[in-house]
Each structure stands twice: as C-alpha cells, then as structure tokens.
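**Q** please work out how this folds:
(one chain, ligands or ions: 2)
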Amino acid sequence: MNLHEYQAKELLARYGIPVPPGKVAYTADEAKQIATEYGNTVVIKAQVHTGGRGKAGGVKLAKTPEEAREKASQILGLNIKGFVTRKVLVAKAVDIAKEYYAGLILDRVTQRVVLMLSKEGGVDIEEVAATKPYAIIKHPIDPHKGLRPFEARELIKKAGMEGNLNKLASVLVQLYNAYVGIDASIAEINPLVITPAGDVVAADAKIVLDDNALYRHPDLSTLREVDAEHPLEVEASNYGFSYVKLDGWIGVIGNGAGLVMYTLDLVNRVGGKAANFLDIGGGAKADVVYNALKVVLKDPDVKGVFINIFGGITRADEVAKGVIRAMDEGILTKPVAMRVAGTAEEEAKALLKGRPIYMYPTSIEAAKAIVSMTGGGASAHSTGGAQ
Ligand code: ADP
Ligand code: MG
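**A** Ligands and ions are numbered 1, 2, ... in the order given. Just a heads-up that it's a prediction; the model follows:
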C-alpha cells in the first residue's frame with residue numbers, strides 16, 4: 001500500500017525524524033489560509049501516488065498567501081502520470097544547502113533490508129542509479145542488530161555526505177526503526193535536506209507498506225485511499241481479483257498467479273505486451289469470468305484479450321459461459337484468444353462452437369494468435385489509438 005507524502009512524513013515524525021510543518025488542503029482557499037497561518041514562504045505539493053512531481057509542475061514555492069492560493073489552484077486537478085491531484089500539502093519551505101538521498105528496501109538476494117545512500121539527492125534516484133551507479137552506496141542491515149549509530153556514521157562518510165554526523169546518523173537509524181516498526185517495504189527520503197544552519201530535514205518522503213503485514217497495524221490500514229489508486233485496480237479489488245495495470249495492449253486473464261505470470265512472459269516472448277495481470281483465482285464461476293472481462297475491457301489500452309485457463313477446480317465450461325455472457329451483452333467486442341485445458345474442456349468447446357472465439361490447444365499458439373490479431377509486435381503499439 002502506497003502512502004501519500006504527508007502520511008509518510010507523519011509516520012516519520014512519530015519516529016523523531018524532523019519534517020517541515022505542513023497541512024493538507026483540498027481547495028486553493030484552504031491553501032491560502034494555511035500559508036497565512038505559517039506566515040512565511042510555503043511549498044505547495046501535489047499529493048498523488050507517484051514520484052517526479054517536481055518535474056511535472058506539482059511542486060511550487062509560494063512567497064505570499066495569495067501566491068499560495070494561485071499555485072494551489074494550478075496544482076489541484078493537475079494530472080501527473082495518470083493520477084489526478086485532489087489535494088495538496090502546504091508545507092513550510094526549508095532553506096536548502098544540500099539535497100541527499102536515503103532509502104531502505106528489502107533486497108531479496110541478500111534477504112536483508114538494504115540502506116541506500118547518495119549525496120546526489122533531489123533528483124530521480126533511478127536516473128542516478130542508471131547513469132552513476134557508483135554514486136549510490138548500498139549496505140545490507142543485520143536484522144538481529146538493526147542499524148547501529150556507528151555503522152550509520154561510517155556509511156554517511158563513505159557516501160561523501162557532509163553535515164552534522166550525529167544528526168544525519170540519527171535520521172538513518174530512525175528511518176530504519178520506522179521501516180521495521182510499521183512493516184514497510186520501501187521507505188525513502190529524497191531529498192534529505194541539509195539546511196544552511198546545519199539542520200537535517202526530510203523534505204520529501206515515500207513509504208510503501210507491506211500489505212501482508214497490514215493486519216498488524218489496524219491504525220495504518222485506514223490510511224488507504226481508494227480514490228488515489230488506479231480506478232481499475234480499485235474495481236478489480238472490489239471483485240476480489242489480483243489485478244495489476246501494465247503498459248501493453250493485450251488483456252490477460254488466467255487462473256492462478258503462476259499461470260498468469262507465465263502467460264505474461266509468453267505474450268512478451270512472441271512480440272506482444274500485456275496490458276494487465278488478472279488472476280481470477282481458483283474455482284471461478286461464470287460471473288467471476290464475466291466481471292474479469294468487464295474490468296479488463298474497461299482499459300482503453302486493451303486491443304484484445306488472452307484467456308488462459310487451466311481447468312482443475314475451475315471448470316472450463318463456467319469460463320465459457322462468462323465469456324458468452326460478455327459477448328451477448330456487447331461488452332466483449334475485441335479479439336479473444338483462448339486456451340482452456342482440463343476439467344470440462346470439451347463442454348467449453350461445445351458451448352463456444354460457432355462463436356468468433358479462437359480456441360488454441362497450447363498457450364504459445366494462443367499467445368502468437370492474440371499478438372497477430374492485435375496488430376502483431378511492437379509496431380502495433382506505436383501506431384497508438386487506431387482501434
Ligand atoms: P518529487 O520527488 O515528487 O519531485 P519533492 O518533494 O522531492 O517531489 O520535491 C521536489 C523538489 O522540491 C525537492 O527536491 C526540493 O528541491 C523542493 N522542495 C520540496 N519540498 C520542499 C520544502 N518543504 N521546502 C523547500 N523546497 C522543497
Ligand atoms: Mg522527492
């Protein structure tokens with residue numbers, strides 16, 4: 001679960017990490033009022049679940065309350081990478097001498113939480129990682145010992161960060177304590193600002209919580225905001241589907257996460273690109289398949305659907321019935337390639353006989369077919385909205 005910057009900062013503040021004072025505004029007038037209250041320069045920041053807001057015009061300084069109102073009205077409603085800004089954080093501006101990066105992620109290879117530090121903060125850390133990997137230092141943390149202050153101080157020096165060593169080290173130690181305490185999967189401060197006076201302040205924060213551990217934090221699960229998530233992901237989760245929006249053009253529906261992952265790989269291998277991951281789970285009945293198609297086909301990127309079902313506790317004829325209902329109701333008008341095998345396979349084929357649905361004996365044949373039916377290869381995507 002992704003948190004907004006203001007929520008992430010609230011959590012970091014609980015662990016003693018200094019953050020600039022700030023409040024959330026839903027309207028430009030509210031932003032003006034908060035700026036009046038603070039009485040000095042503020043920064044207006046779009047609260048959306050994506051990074052790179054600065055570059056997209058979602059972070060602006062305002063010297064006066066009136067300017068705060070103006071900037072907030074420019075940012076509210078702004079679409080940043082598909083996320084519409086519905087609220088802004090109005091925070092006191094901090095004086096910046098240096099912008100650093102500090103992040104924690106779970107590294108599956110070392111099976112440790114890894115601390116990443118860079119003195120090249122402020123900008124996209126992915127860009128730094130791609131162009132100057134040597135500018136980021138990485139350190140796996142021993143889970144039994146945690147991040148110890150002396151360790152943090154050594155790493156800060158190694159990263160070439162300048163500033164009050166104890167203050168910097170304390171932020172890192174608290175960031176680690178927060179990460180473990182709230183069961184995060186990512187916790188990042190970028191920029192970690194050093195002010196001209198030598199203070200250390202988290203000017204931006206990103207936290208992703210581990211959904212599987214949310215049951216241990218009932219207070220945190222209320223931070224989930226349905227309207228900030230991708231609308232199709234919300235709809236899919238209401239139906240109980242595992243759905244992830246991807247950036248291709250072939251809708252993929254399957255039963256079982258492993259089979260769906262395999263199907264995504266196959267589509268890629270034969271020159272296609274999946275528009276989504278959707279797992280209908282085990283034992284799905286016709287209505288589940290129908291709902292899955294409804295979700296997938298609402299995505300305007302989808303030019304065709306690949307349904308890959310391994311019949312076990314899921315009966316293939318139930319799947320066929322769901323597909324037929326979607327066709328009869330005019331929801332399913334795009335090309336479909338289907339591969340069903342196993343329980344009630346013959347019944348499914350009989351039900352679909354005479355329908356414009358292509359059934360394939362193997363996954364690879366179905367993958368090739370749907371790629372070619374939707375224009376074939378990468379060029380199909382680059383021709384864009386011709387559907
Ligand atoms: P994003 O990472 O989404 O672009 P940030 O919060 O990191 O958004 O803001 C981008 C830049 O705006 C920062 O690198 C920093 O230079 C500036 N900035 C952000 N918050 C403040 C603040 N409270 N005071 C002064 N400058 C800020
Ligand atoms: Mg940032």
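**Q** just give me the neighbour total for whatever residue of the stretch 151-300 of the chain ends up closest to ligand 2.
**A** Using C-beta to the ion, the closest approach of the stretch 151-300 of the chain to ligand 2 is made by Asp204 at 3.5 Å. From N, CA and C alone the C-beta is placed, and that goes for glycine too. Asp204 has 25 neighbours, counted by other C-beta atoms under 10 Å.
**Q** then the one 3 residues further on?
**A** Counted by other C-beta under 10 Å, the residues lying close to Ile207 total 28.
**Q** confirm it sits in a strand?
**A** Yes: looking at Ile207 with DSSP: H, G, I helix; E, B strand; the rest coil, it is inside a strand.
**Q** quick check: it vs Arg315, distance?
**A** Distance, Ile207 to Arg315, using C-beta to C-beta, to the nearest Å: 42 Å.
**Q** kindly report the same for Ile364.
**A** 24 Å.
**Q** more neighbours: the two, which one.
**A** A count of neighbours by other C-beta under 10 Å puts Arg315 above the other of Ile364 and Arg315, at 22 against 13.
**Q** skip the chain neighbours and tell me the closest residue to that one.
**A** Closest residue to Arg315 apart from its sequence neighbours, by C-beta to C-beta, 6 or more residues apart in numbering: Ala344 at 4.3 Å.
**Q** need the pLDDT of the one you found.
**A** Ala344 is assigned a predicted lDDT (pLDDT) of 91.
**Q** got it, and Gln74?
**A** So Gln74 comes in at 97 (pLDDT).
**Q** can you list contacts of the helix or strand hosting Tyr100?
**A** Assessed by DSSP states H and E, Tyr100 sits inside strand 98-107. In this structure, residues lying in contact with strand 98-107 by C-beta atoms under 8 Å, 6 or more residues apart in numbering are 112-122, 125, 128, 136, 140, 159, 161-163, 171-172, 175-176, 179, 184-194, 203.
**Q** what residues sit buried inside that strand?
**A** Lys98, Glu99, Tyr100, Tyr101, Ala102, Gly103, Leu104, Ile105 (16 or more other C-beta atoms under 10 Å).
**Q** residue contacts, the closest residue to Leu332 other than its chain neighbours?
**A** Excluding the flanking residues, the one nearest Leu332 by C-beta to C-beta, 6+ apart is Ala326, at 3.9 Å. Going by C-beta under 8 Å, 6+ apart, Ala326 touches Val289, Tyr290, Leu293, Lys294, Leu297, Leu332.
**Q** and Ala326, helix, strand or coil?
**A** State at Ala326, reduced to three classes by three-state DSSP: helix.
**Q** for Ile44, same thing?
**A** strand.
**Q** skipping adjacent residues, who's closest to it in space?
**A** Lys71 (4.5 Å).
**Q** Leu351 too?
**A** According to C-beta to C-beta, 6+ apart, the nearest residue to Leu351 is Ala320 (4.3 Å).
**Q** any idea how many residues pack against the closest residue to the residue of the stretch 151-300 of the chain closest to ligand 2 other than its chain neighbours?
**A** Take Asp204 and drop its neighbours on the chain: the residue closest to it by C-beta to C-beta, 6+ apart is Asn190, 5.6 Å away. Asn190 is flanked by 22 other residues according to other C-beta under 10 Å.
**Q** tell me the phi and psi of Leu192?
**A** phi -90, psi 110 (degrees, to the nearest 10).
**Q** mind listing what Ile137 touches?
**A** Met116, Leu117, Ser118, Leu155, Lys158, Ala159.
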